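Undergrad: just coords:
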C-alpha cells in the first residue's frame, strides 16, 4: 500500500523533471507552462493525500495487530498474544517468546506448539554472546526421519528494553529456508512495539510477586499459598493429572523462640526455607503457610512420589547444621488430590495429617493417598 503510493510519488517526480525540461526548451510559451504547472500542483496534492492515507491505513493495520498487546498487564497472557502475532505476521506454524520474568525468572509464551519454548533455548544468542540483529536456522534430519512432521526453519529476533536485550521472539516453519526479508522486518517491528508493554507487564508481575512473597523467608506467603493451591487444584481438575500437598510443621519451634528470642527464630526459619527451596523441583511450589508451618505444592506428583520427597527432605535436614539449634525435625502431612475435591478440603486433610503426626510423637509423616 505504502509502496504503491511511493511509486506514484516517484512517477510524479519524473513528471516534474520533464516539465522543467520543457520549460527551459520552450520559454516562448509562458502561459502554457503555467497551465502545466497548475495541473501538476493538482496531481501532486492528490498524490500527497493518497500517500498520507496509505501510510495511515498501514499504521492502522499495524496498531490493530499489536494494540491489544498493551491492553493486559498479565505477562503470561501478553506473551501468548505476542507469540500468536509472530505466527500471524510470518505465516509460521509455531512461535515462541521468552523474556526475563519477575524476580529474575523466565517468562514464556508459545503458539502452535508446546515445544516452542524449548526450541528457543538453543537460539537466543550466538556462542560468543555478541549482539545480533537476528538468527536464522535450518534443521535437517536423518533420512529415516525426513518424512516425519518437524520444524526445519527458525527465525529469531531479540527483544530490547531500554537498550538491554531481555529476551527473544522466534518463528518456526516446517519448510527449510522459507523466511524472507519481510518476515525479519515484521518481527523486528513487532519486537520494538511490544517492548514497552512487556516492561509494564513485568513491573506489574513483580509488584504482584512481592504481594504474595513472605518477606522473611522469600517463599510464597499465606496469600500466595491460597492462590497457588486454588490454581493447581483447578489445573488438576482440568487435566485429570495428579496433585499432592505436603505440609511441614517444625517440631518444638516455640522452644527456639523462647531460647533465642524472635530474631534467633527468624534465622532458623530462613535457613529451613532455603533448604526447602534448594530441594524443590522446577515445578514444585514452596510456601510459608503460617508461623513455622510450610507447604510443598507438588503438581504432576502422586502421593508415593511425595513420600519420596519427604524422605529426601529429612535426610538433607539431618545433614544440615541450622544456626542456633544445630538440628531440626518436622512433622508432616501428605495428601493427594481427589477428583472434584476443593482446595479447602485438600488443605484440611493435609492439616489433619500433620496433627496426627504431632500426636503420634512428632518427627514423622502421616498421609492420606491411594
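TA: Alright, I've got the coordinates. No experiment lies behind these values; they were computed from the predicted model shown.
Undergrad: So residue 320: helix, strand or coil?
TA: Assigned with DSSP: H, G, I helix; E, B strand; the rest coil, residue 320 falls in the coil class.
Undergrad: what's the nearest residue to it if we skip its chain neighbours?
TA: residue 275 (5.9 Å; Cβ to Cβ, 6 or more residues apart in numbering). Using the backbone N, CA and C atoms, a C-beta is placed for each residue, glycine as well.
Undergrad: Tell me how many other residues crowd that neighbour.
TA: 18 (other Cβ atoms under 10 Å).
Undergrad: change the start of the numbering to 249 and stick with it
TA: Will do, 249 is the new start, and the previous item becomes residue 523.
Undergrad: Dihedrals phi and psi, residue 536?
TA: phi -100, psi 110 (degrees, to the nearest 10).
Undergrad: Bridged to it, which residues?
TA: residue 542 (DSSP bridges).
Undergrad: and if you look at the one 10 residues further on?
TA: Note on residue 546: beta-bridge partners residue 492, judged by DSSP bridges.
Undergrad: can I assume it is in contact with residue 554?
TA: Yes: the criterion here is Cβ atoms under 8 Å, and residue 546 meets it with residue 554 at 5.4 Å.
Undergrad: is it true that residue 389 lies in a strand?
TA: No: counting by three-state DSSP, residue 389 is not part of a strand but coil.
Undergrad: Identify the residue spatially nearest to it, adjacent ones excluded.
TA: residue 398 (6.2 Å).
Undergrad: Go ahead and report the secondary structure state at that neighbour.
TA: Going by three-state DSSP: residue 398 is coil.
Undergrad: Quick one: neighbours of it, just the number.
TA: So residue 398, with other Cβ under 10 Å, has 13 neighbours.
Undergrad: any idea how far it lies from residue 465?
TA: Distance, residue 398 to residue 465, by Cβ to Cβ, to the nearest Å: 45 Å.
Undergrad: isn't residue 409 right up against residue 449?
TA: No: assessed by Cβ under 8 Å, residue 409 is found out of contact with residue 449, at 11.1 Å.
Undergrad: Between these two, tell me which one has more neighbours.
TA: A direct count of neighbours by other Cβ under 10 Å for residue 409 and residue 449 places residue 449 higher, at 25 against 17.
Undergrad: can you pull the contacts of the more buried one?
TA: Contact partners of residue 449, counting by Cβ atoms under 8 Å, 6 or more residues apart in numbering, are 320, 321, 322, 323, 326.
Undergrad: let's go with 6 Å and repeat that
TA: Residues counted as contacts of residue 449 (Cβ atoms under 6 Å, 6 or more residues apart in numbering) are 321, 323, 326.
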